[in-house]
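*Asks:* Have a look at this prediction, sequence included:
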Amino acid sequence: MYIVSIKTPMSINDLEFLQGAAFLRLLKEIPNVSINYLSSIHSSLYLVQITNKESAILFKISKKPTSSWSFIFSIQEEMAIQKFRETYPNVQLFIALICHRDGICCLSEEQLSSLFDLNNGLSSQRISVKREPRGSYYVKGTGRVPLERTVPQNNWPNIILSA
C-alpha cells in the first residue's frame with residue numbers, strides 16, 4: 001500500500017484575482033511596461049514604468065457585486081501614501097478603485113484630494129462609487145462631496161498612460 005500526498009494548489013484570493021485583471025488590461029494597452037511591487041510601503045501599491053514615465057497605483061477593492069461600491073481608507077493606507085510621497089516625491093499616484101467585476105474607477109491623487117479635506121487625514125474617509133448600466137462612475141467622498149465630473153468606465157488604464 002502506498003500513501004500519496006497531493007498538495008492542493010493555493011487558491012487565488014479576491015485581491016489577487018482582481019488586481020491581476022487590472023494589470024492584464026494595462027499590459028494589453030502597453031506591452032512594454034515594468035511593474036514593481038512596493039510591498040515595503042503597502043501590500044497593494046505598485047510602481048509602473050512606461051518608457052520614461054513613472055506612475056504608482058494603490059489598489060482598493062470592493063467585493064460588493066453591484067453598484068454602489070464603498071471604499072474606506074485605513075490608517076495603513078494613509079501612512080503608505082505619506083511614505084510614498086517621501087520616497088517618490090515626483091511620481092504621480094493613482095488610486096484604482098476596483099468595483100468588484102464591474103470595472104476600475106481610477107482617480108488621480110489630485111482627484112482624491114478634491115473629495116476630502118486631507119488636513120484631517122485620510123484614514124476613515126470614505127469614497128462611494130456608483131454606476132448606472134452603460135454609464136460612467138459617479139464618485140462621492142466623505143460628507144457626500146461629489147467629484148467635479150464623472151469618471152468614464154474606460155478610463156483604466158488610459159488615465160495612467162496619460163500621466
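*Replies:* Nice, I can see it. Note that the structure is a prediction, hence the values are computed from the model and not measured.
*Asks:* For the chain, which segments count as strands?
*Replies:* Ranges of strands in the chain, per DSSP state E, are 33-37, 45-50, 53-62, 69-72, 92-99, 103-108, 126-131, 137-140.
*Asks:* Identify the bridge partners of the residue nearest the centre of the chain.
*Replies:* Centroid-nearest residue in the chain, with Cα atoms, centre = their mean: residue 96, separated by 2.1 Å. Residue 96 forms beta bridges with residue 59, residue 106, as assigned by DSSP bridges.
*Asks:* May I see the strands of the chain organised as JSON lines, with mean pLDDT and distance to residue 155 added?
*Replies:* Bear in mind the C-beta positions are built from the backbone N, C-alpha and C, glycine included. Formatted as JSON lines, the strands of the chain follow (pLDDT from 0 to 100; distance: least, Cβ to Cβ, whole Å):
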{"stretch": "strand 33-37", "mean pLDDT": "89", "distance to residue 155": "17"}
{"stretch": "strand 45-50", "mean pLDDT": "90", "distance to residue 155": "15"}
{"stretch": "strand 53-62", "mean pLDDT": "92", "distance to residue 155": "13"}
{"stretch": "strand 69-72", "mean pLDDT": "92", "distance to residue 155": "16"}
{"stretch": "strand 92-99", "mean pLDDT": "94", "distance to residue 155": "10"}
{"stretch": "strand 103-108", "mean pLDDT": "92", "distance to residue 155": "6"}
{"stretch": "strand 126-131", "mean pLDDT": "91", "distance to residue 155": "12"}
{"stretch": "strand 137-140", "mean pLDDT": "91", "distance to residue 155": "8"}
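*Asks:* measure residue 39 to residue 46 for me?
*Replies:* Residue 39 sits 9 Å away from residue 46, going by Cβ to Cβ, to the nearest Å.
*Asks:* Show me which of these two is the more surrounded one.
*Replies:* Higher neighbour count among residue 39 and residue 46: residue 46, with 21 against 10, using other Cβ atoms under 10 Å.
*Asks:* so what's that one closest to, chain neighbours aside?
*Replies:* residue 57 (5.1 Å; Cβ to Cβ, 6 or more residues apart in numbering).
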